[in-house]
Each structure stands twice: as structure tokens, then as C-alpha cells.
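Engineer: dropping the sequence and predicted coords here.
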Amino acid sequence: MKNTQSVAELLNTVDVSYLTENEKYEAIARAERAEYIAESVAEGIQNIKNAVAKVKAVLTSSSAQHV
């Protein structure tokens, strides 16, 4: 089962009583930034996989036509 909570939501459940409000908001902002970067990289990799699969399909079908 996939966890659907964001990192910021998970951080809200952690005891941060020792942090100031600014530090808490900074930690949440950093977590959201890291989450966004990770999602962007994962999406980029998926797009590359899709492009490679399309090129492979085109090359495979074109080489089969010449046989």
C-alpha cells in the first residue's frame, strides 16, 4: 500500500516543541521542496522510459518490415 501523506503532513505529527515556529516552518518548507524535487526526478525518469520504449517500438517495427 502506498503512503499518500505528504512529508509536511508527516512532520506535523512529530514532536517539534523544541523548535521555534520559524524552524518548524523552515523544516516543512525544506521537506516540501525535497518532495517536489523527488517527484520531478521520478517523472523525468518515467518520461525517458516512455520515450525509449517508443523509439524501440519504432525501430523494431521498421527493422521487421525490411526482413
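Structural biologist: On my side now, so go ahead.
Engineer: could you pull out the helices for the chain?
Structural biologist: 7-11, 21-65 (DSSP state H).
Engineer: pick the most buried one from these.
Structural biologist: Compared across those, helix 7-11 shows the largest average neighbour count, a mean of 14 (mean count of other Cβ atoms under 10 Å). C-beta here means a position set from N, CA and C on the backbone, and glycine is covered the same way.
Engineer: mean confidence (pLDDT) on that helix, please.
Structural biologist: Helix 7-11 comes out with an average pLDDT of 79.
Engineer: ok, now stretch 25-42?
Structural biologist: 92.
Engineer: then stretch 48-58?
Structural biologist: Here the average pLDDT along stretch 48-58 is 94.
Engineer: alpha carbons only: can I get it in CSV?
Structural biologist: The C-alpha coordinates for stretch 48-58 follow below in CSV (Å, rounded to 0.1, in the frame of the first residue of the first chain):
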residue,chain,number,x,y,z
ILE,A,48,12.6,9.0,-20.6
LYS,A,49,11.5,5.3,-20.2
ASN,A,50,8.4,6.1,-22.3
ALA,A,51,10.4,7.8,-25.0
VAL,A,52,12.9,4.9,-25.1
ALA,A,53,10.1,2.4,-25.4
LYS,A,54,8.5,4.4,-28.3
VAL,A,55,11.9,4.6,-30.1
LYS,A,56,12.4,0.9,-29.5
ALA,A,57,9.0,0.1,-30.9
VAL,A,58,9.5,2.2,-34.0
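Engineer: what residue is smack in the middle of the protein?
Structural biologist: Glu39 (1.6 Å; Cα atoms, centre = their mean).
Engineer: kindly provide the distance from that one to Gln46.
Structural biologist: Distance from Glu39 to Gln46, counting by Cβ to Cβ, to the nearest Å: 10 Å.
Engineer: with Glu26 instead?
Structural biologist: Distance, Glu26 to Gln46, by Cβ to Cβ: 31 Å.
Engineer: with Gln5 instead?
Structural biologist: With Cβ to Cβ as the criterion, Gln5 and Gln46 are 22 Å apart.
Engineer: likewise Ala57?
Structural biologist: 16 Å.
Engineer: how about Ile37?
Structural biologist: When distance is defined by Cβ to Cβ, Ile37 is 15 Å away from Gln46.
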